[in-house]
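*Asks:* can't give you the sequence, but here's the structure:
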């Protein structure tokens with residue numbers, strides 16, 4: 001009993017003299033939000049980068065007018081996105097430049113010029129009313145450019161987007177490569193110089209949506225899949241049962257989805 005009391009008094013002494021001793025030994029968990037954006041358990045935001053030794057690092061401050069501020073105070077988490085695979089990113093308020101371990105608010109982005117009229121999502125039109133899909137050309141990591149597609153492969157030939165897309169019902173799903181209208185589901189497959197835009201066949205447009213499923217992995221708390229009333233999808237492919245069964249999700253969620261989409265009996 002005396003030894004236990006002595007040990008407890010020693011612990012209290014250490015905490016009183018070195019209040020951060022326990023914190024220093026703890027490992028910080030970084031939770032992935034999207035792209036290079038992370039947060040910790042206290043919801044402080046970080047930008048992931050790599051140092052000269054190609055080791056992943058996490059930046060907690062952004063430079064604004066030569067002053068370092070917590071990223072939480074500046075960056076808008078909901079609208080933040082990278083501009084392709086360049087050093088630039090944006091949210092609804094600011095543009096950012098990332099190099100090594102420096103993350104900075106910039107007034108403008110070289111080479112990036114808005115040429116056409118936004119309709120909504122990634123759908124634009126030129127002065128003649130021709131429909132366009134906007135993409136990012138990442139060929140030069142310091143000079144991202146907008147690239148536009150005006151045609152899509154449909155019914156065996158290249159056709160103008162205006163003849164295929166229903167503008168009134170068109171919607172783009174945020175932070176994804178999917179979009180749809182009342183007639184079709186579309187997929188933008190990203191490449192370094194922009195990408196390919198095409199129709200995903202045999203999908204029920206009316207019920208197509210993005211589903212957010214809680215993950216078992218702390219670093220990646222959610223899994224995002226596409227779905228309609230018949231199938232689940234990853235990127236532009238149907239998710240087969242073997243791949244589905246390997247998803248790190250709860251047994252309860254997996255069982256519900258397996259019954260609905262793979263005819264697995266309870």
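*Replies:* Good, I have the coordinates. What you see is a predicted model; the values in this text were computed from it and never measured. Numbers count the residues shown, from 1 in each chain.
*Asks:* please make it C-alpha for all contacts and neighbour counts, starting now.
*Replies:* Will do.
*Asks:* surely residue 96 is in a strand?
*Replies:* Yes. Under DSSP: H, G, I helix; E, B strand; the rest coil, residue 96 sits within a strand.
*Asks:* residues contacting the residue lying closest to it once chain neighbours are set aside?
*Replies:* Closest residue to residue 96 apart from its sequence neighbours, by Cα to Cα, 6 or more residues apart in numbering: residue 105 at 4.5 Å. Residue 105 is in contact with 62, 63, 64, 65, 94, 95, 96, 97, counting by Cα atoms under 8 Å, 6 or more residues apart in numbering.
*Asks:* list buried residues within the residues you listed.
*Replies:* Burial by neighbour count, judged by 16 or more other Cα atoms under 10 Å, picks out 62, 63, 94, 95, 96, 97 from the contacts of residue 105.
*Asks:* now render those residues as JSON lines, adding pLDDT.
*Replies:* Shown next, in JSON lines, are the buried ones among the contacts of residue 105 (pLDDT from 0 to 100):
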{"residue": "62", "pLDDT": "97"}
{"residue": "63", "pLDDT": "97"}
{"residue": "94", "pLDDT": "97"}
{"residue": "95", "pLDDT": "97"}
{"residue": "96", "pLDDT": "98"}
{"residue": "97", "pLDDT": "97"}
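*Asks:* closest one of the residues you listed to residue 187?
*Replies:* residue 95 (26.2 Å; Cα to Cα).
*Asks:* that older thread, buried sites along the one helix or strand the residue nearest to residue 96 maps to?
*Replies:* Here residue 105 sits within strand 102-106, counting by DSSP states H and E. By 16+ other Cα under 10 Å, the buried positions in strand 102-106 come out as 103, 104, 105, 106.
*Asks:* helices of the protein, residue ranges please.
*Replies:* 2-17, 21-25, 71-74, 241-245, 251-261 (DSSP state H).
*Asks:* and those helices, which one is worst for confidence?
*Replies:* Ranked by mean pLDDT, the helices of the chain end with helix 21-25 at the bottom, a mean of 34.
*Asks:* one step back: what's the spacing between the strand holding residue 105 and its chain's center?
*Replies:* For strand 102-106, the gap between its own C-alpha mean and the chain's C-alpha mean amounts to 20 Å (Cα atoms, centre = their mean, to the nearest Å).
*Asks:* spatially central residue in this protein, please.
*Replies:* residue 34 (3.5 Å; Cα atoms, centre = their mean).
*Asks:* which ones are touching that residue?
*Replies:* Taking Cα under 8 Å, 6+ apart, one finds residue 81 in contact with residue 34.
*Asks:* how much space between it and residue 134?
*Replies:* 21 Å (Cα to Cα, to the nearest Å).
*Asks:* and if you look at residue 68?
*Replies:* Residue 68 is 33 Å from residue 134, where distance means Cα to Cα.
*Asks:* which one of the two has more residues nearby?
*Replies:* Legend: neighbour count by other Cα atoms under 10 Å for residue 68 and residue 134, higher for residue 134 (22 against 13).
*Asks:* wait, the more buried one sits on residue 150?
*Replies:* No. Using Cα atoms under 8 Å, residue 134 is not in contact with residue 150, being 9.3 Å away.
*Asks:* what sits closest to residue 224 if chain neighbours are left out?
*Replies:* residue 212 (4.8 Å).
*Asks:* lowest confidence element among the helices and strands of the protein?
*Replies:* helix 21-25 (a mean of 34; mean pLDDT, DSSP states H and E).
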